[in-house]
Structure formats: structure tokens, C-alpha cells
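Asks: generate a structure from the sequence data that follows.
(2 chains)
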Amino acid sequence: MSPVWYAARTGVRRGLTELRQTFTTGQDVFGYVLWTVLLMVPLFLVRDDPLKGAGISAGAFMLPSMVGMTLAFTGMMTTAQLLATEREDGTLLRAKAVPHGMVGHLVGKIVMVSGTALVSMALPFAVGVFLVDGVARQGGGALLTLVWVVPLGLLATLPIGAVIGSLVDSPRTIGLLMLPVMGLVVISGIYFPLSKLPEWLQTIGQVFPVYWLGLGLRAALLPGEAVAAEVGASWRHLETAGVLGAWAVAGLLLAPSVLRRMARRESGATMAERRRKAMQRVG
Amino acid sequence: MTTADVLPGAGSGPPPDGDTVIDVRDLRMRYRGQDVLKGVDFTARRGEVVVLLGPNGAGKTTTIEILEGFRVRSAGDVTVLDTDPARGNERWRARLGIVLQSWRDHGKWRVRELLAHLGSYYAPYSTPLVRRPWDVDELLAAVGLTGHADKRVGTLSGGQRRRLDVAVGIVGRPELLFLDEPTAGLDPEARSEFHSLVRGLADENTTVLLTTHDLAEAERLADRILILAGGRIVADGSARELSRRASAEATVRWTRDGRPFEETTAEPTRFVRRLFEEHGEAIGGLEVRRASLEDTYLTMVRELEAGGAVGERAAHSFRGEAR
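Replies: You can find the predicted model right below:
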């Protein structure tokens, strides 16, 4: 086995180890639970409000949408956050110091973020199905949609997260990025159908993966007649695959060179400088 | 800590095509419009412990990072393990050990878990002569972390953390080990254990290049000391050679009939012989003291800092003698 493949396999083990660590670390577990609670509160409030003309409740519309949003959030923001943090604390420099350590690190991160995303989606879903009616009752074919939407969603969002994490200068910048991301959620048809927005906002919303992940998850989990609430009264599978695929291709083309450039610039001196700045903020 | 018996074959790599492990000639580094390194020259041989001293900002870390392949130099010829570090591949990297100045990475990992993980990257580079990686239990014992093997890294004390950094640096059984201020934050006992560990590695033919601000440590560990100041190596030699060069005079102290005396002389041996010839049994408490490494270091750095041309000349004269 070539050393690169060996490092990749080591990276898979690294990812699994980090998953076990995050799910046994109190602070992290609290984060997953808090996220679930934050999603469940609005869901609970509108669980019985009917969604006009779609034959489902507003709650039923929101649940799969929020699960899709969770996927997009974790893929982009968690990846970016972890990468920025690990640059600052020296994890990346350590990876750079061992043979093919960066390969292992990257593979590990993909495994770790994917696992985190799946769990972060499963938690609100598991609670939500007991709160609202009409979600995930149609089985078979519709559920098959999940099998391609979820992996494609990870492929579309993880590389973007990696690019963001490589470009920002500190983990705290990621916090600032949350504001525009919140705005993006509003125009992505997560909490109410996109058709309620002015047309130009609908157009902007449909550029980003958040909308399409919400749509994909609704297509998989909502009854057929709920399609009436969607743009063009269609689940638009082809467009979903197209837009997510385009983001995936763009991200995968861009991420390696951005990551390489970032890794090349990592050195003990740059880390010491960041450490000095971070200490100043603390002190 | 008996390192000799836990270090079978550490660092004894493939047969050397020469004895020179590091060869640096006229290394220059220009960074943000400033010349940090203005022509650094030095070499290190297999199994040698070379200590790099110098004031803060002298460019010690920059030099080490160029040798590690982490930074690209502005000019000069650098060869590390027969390779230009700027073009070193992963096979080359597997032969290096790097101890970074870390602070809080891998906080959620357990000590044993992290060493096993980072060690596993070296497995494809194992040879019958050098078994890589280092067995985790042996490694934990060698750095004195056996009792903390199952602790999370984030809960270690500063000193334990530093031991772990050293363990990570040597887990791949490197032929060449870089240590950037390895003993910062270690208590005297841990420091002494670390010194035995480094000597043990050197005895097994590992070449070690380390920076420190502790001159006593440099004196104890170094086969050779380099002083980097003003962007150049201004002194190169063993601690004793450097001391002798910095000051030809020694201080002789003695007591005669219980009264203390002190005399500075360029020829202490002759002086002492005469002392005994004259006073014989009356002499007691004899002490001959050459300038310590600390005196030498401070003298050199002060002369350099005292100013441009004079300092430069001093640098050249020290170098001239060193060669």
C-alpha cells in the first residue's frame, strides 16, 4: 500500500476517534442538544398551523427544511470553524510535520464533519417526528432521495467550508460570518415557503445550497401533495442535483489549491504570532 | 531514566553517504524588508548535539524552520539529510523529528491515543534497521509520561505537555531531531531527565539541533555551540573552546592561612605552581575558574550589540578563530 493510501486510512481512523471524542465531551454534547432545542422551539409553536393549499402543517414543512439547513450549516460552518481553530492552535502544523500528515488530517476532517452532520440532523429529526404529523410517512421511493441528496449535500458544502476556513485569519471571524448566514437562511425557504418572498429574493436564495438541501429533504420526507407549496409545484430533482453538483464541482476545484496555499504558509512563526494575538485578547 | 536500554537502534538510519547531516552555506533570509539572516554557515555531523544560542529575534526559529522545510529561504545553499529542505518529499520528512512550540492542540485526545495515531504515519517508512514508529509504551516510559497515558492532552500541566511534545517529535525515530526551546517550562528534575533522553538519542546516532535560552543546559548538552547574533553565526565550538576564546584569563582563588586571595592571570597553571612552591602547605581552598559560557555569551552578544562596525569586526574575529 502506498504511503498516501496508508495516511488516508490513518485519517479515517483519526476521524472516527475525533467523532468518539466529540460525543463524549460535555461541551460538545451540550452544543448538539442546544441546536436541537433551538430548532424545536419554533417547530413546536407552529406545529398545527395549516400551510395553505399544501395539505400539511407549517411544522411539517419546517422539519425537513431545518434538517437540510443543519446539513448545510455543519458542512460549511463547522468545517470552516474547525479548520480556523486548528490552524490557530497548531494542530495543522503538527499534521504538516509528519509524513503525509495533511492527507490524514483532511480525510479525518471529512469523516468527522460528515459524522457530526448526520448526528446533528438525526437529533432534531428524531424529536420532530413526534411533534408534527405527516413527516416521513411515505417510505420507499421518496426516502431513496435521501441516499443521494445527503452525500451530494456534504460534497457541496464541505469544500466551501474548507475554503472559508483557509481564508479567514482567525476562528473569531467565523462568528462574524454567522450574520450573513442567518440572512441566507431567511431567503432559503427554511421556515416558510420561498414563494412568499419577492421574486428577486427567491432568485438569490436559489443560488445557494441551503435552499436546495431544504427542498431535497422535503422531497424525501413530505407527502406528495405538499409539492403544491414549492416553486413551480415541483420537487425539481434535476435542478437540485444540478445546483448542488455545481457547488460540489466548484468547491472541489477550488479547495485543494486554497488548502495547499494555506498549509504552505503555516509555520511555527506564524503560529507563535497568532498565539501572541490570541493571548492579548484573553489578557 | 535509562534511555540506552529503551532506544534500540533509534535513529540509526541507512548507511550515511557522508557524515554531514546538516550543511548550511551563506543562508540568507529577507523578511518584510528586513535582513533576518545575513549569511549563516554551519554544519552538523551524525550523532552530534548542536545547540543554537542567540538573543531573542536573532533568527534562531527562522533558521530551524528553513531546515525543517517550513519556510523558503531567500538565498544560500542548504542541505539536510542530503536533500534541499525546500524540495524535501514525505520520505525525507519521515526521517526528521520536529518538536514545535505548541500550546493547546489536540486537547481532546488522550496521550496514548495521540502518540499511537501520529506514530502510525511513520509505519510505511519502517525498515529492518529502524523500526518505525516507536512502541508507544516504551516511548511513554522514555519521556516519563507512563502515569499520564490515559489523560486528555488538554488536562496536562505545562511540563507534561512539553514531554508530550518531545515524544511526538521522536515517535518516528528520526535521524535528525529539531527542538525549539524544548525545556521551557520544565522543572529541574524534568529538565535533567530530558537531558539524559537527548544524550541517549545522540548516543544512538541521532543528530540533534536545539535552541535554548538556558546556557547551563547548552553547556551540559552540546557537543558544539553556535551563537547566532546579528544575522550571522558569531561563534562555533564546544563550550570550553568558546570560553577559552572569549577570555584568555582565568581567575584563581585560594586561601593562605585561612585568609582569602584572588588573582586574575593569563597563565593559571604556572601561577598555581609558583603559589605552591612559595607557600606549600599553607595554601587551601584552591579554585581556578575560566570564564563560564554565560560570561562568554554575554561578552559576545554585548560587543555585537555595542554597534555596527565594531560588532561586525568582532563577529568576524570570533568566526576566524572558530574555524
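Asks: contacts and neighbour counts: CA atoms only from here.
Replies: Will do.
Asks: can you give me the helices for the stretch 51-200 of chain B?
Replies: In the stretch 51-200 of chain B, the helices defined using DSSP state H, counting those that start in this stretch lie at B:60-68, B:90-93, B:111-120, B:136-143, B:158-170, B:188-203.
Asks: mind giving me the packing neighbours of the longest one?
Replies: The reference is to helix B:188-203. Counting contacts by 3 or more Cα pairs under 8 Å, 6 or more residues apart in numbering or on different chains; DSSP states H and E, helix B:188-203 packs against helix B:136-143, strand B:207-211, helix B:215-221.
Asks: looking at the helices of the stretch 51-200 of chain B, which is closest to residue A:54?
Replies: Minimum separation from residue A:54 across the helices of the stretch 51-200 of chain B (Cα to Cα) falls at helix B:111-120, 52.6 Å.
Asks: what residues does stretch B:268-283 touch?
Replies: Stretch B:268-283 is contacted from outside by B:249-252, B:254-257, B:265, B:288, using Cα atoms under 8 Å, 6 or more residues apart in numbering or on different chains.
Asks: who in the stretch 101-250 of chain A is up against chain B?
Replies: Contacts of the stretch 101-250 of chain A with chain B, taken as Cα under 8 Å from any Cα of the partner chain, map to residue A:101.
Asks: for chain B, what's its nearest residue on the stretch 101-250 of chain A.
Replies: Closest contact between the stretch 101-250 of chain A and chain B, by Cα to the nearest Cα, is at residue A:101 (6.9 Å).
Asks: how about the contacts made by that residue?
Replies: Neighbouring residues of residue A:101 by Cα under 8 Å, 6+ apart: A:7, A:94-95, B:121.
Asks: mind checking how far it is from residue A:125?
Replies: Here the criterion is Cα to Cα, to the nearest Å. By it, residue A:101 lies 36 Å from residue A:125.
Asks: with residue B:123 instead?
Replies: Here residue B:123 is placed at a distance of 42 Å from residue A:125 (Cα to Cα).
Asks: then residue A:139?
Replies: The value you get for residue A:139 to residue A:125, if Cα to Cα is used, is 15 Å.
Asks: the two: which is more packed in?
Replies: More crowded of residue A:139 and residue A:125, by other Cα atoms under 10 Å in any protein chain shown: residue A:125, with 21 against 12.
Asks: could you point out which element follows the helix or strand encompassing that one?
Replies: Taking DSSP states H and E as the criterion, residue A:125 maps to helix A:101-131. Using DSSP H and E, the helix or strand that follows helix A:101-131 towards the C-terminus is helix A:140-167.
Asks: just checking, what packs against that next one?
Replies: helix A:58-73, helix A:79-88, helix A:209-221, helix A:237-265.
Asks: can I get those helices in TSV with mean pLDDT and mean neighbour count?
Replies: As requested, the helices and strands packed on helix A:140-167 are arranged in TSV below (pLDDT from 0 to 100; neighbours: other Cα atoms under 10 Å in any protein chain shown):
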stretch	mean pLDDT	mean neighbour count
helix A:58-73	95	27
helix A:79-88	92	23
helix A:209-221	96	27
helix A:237-265	93	16
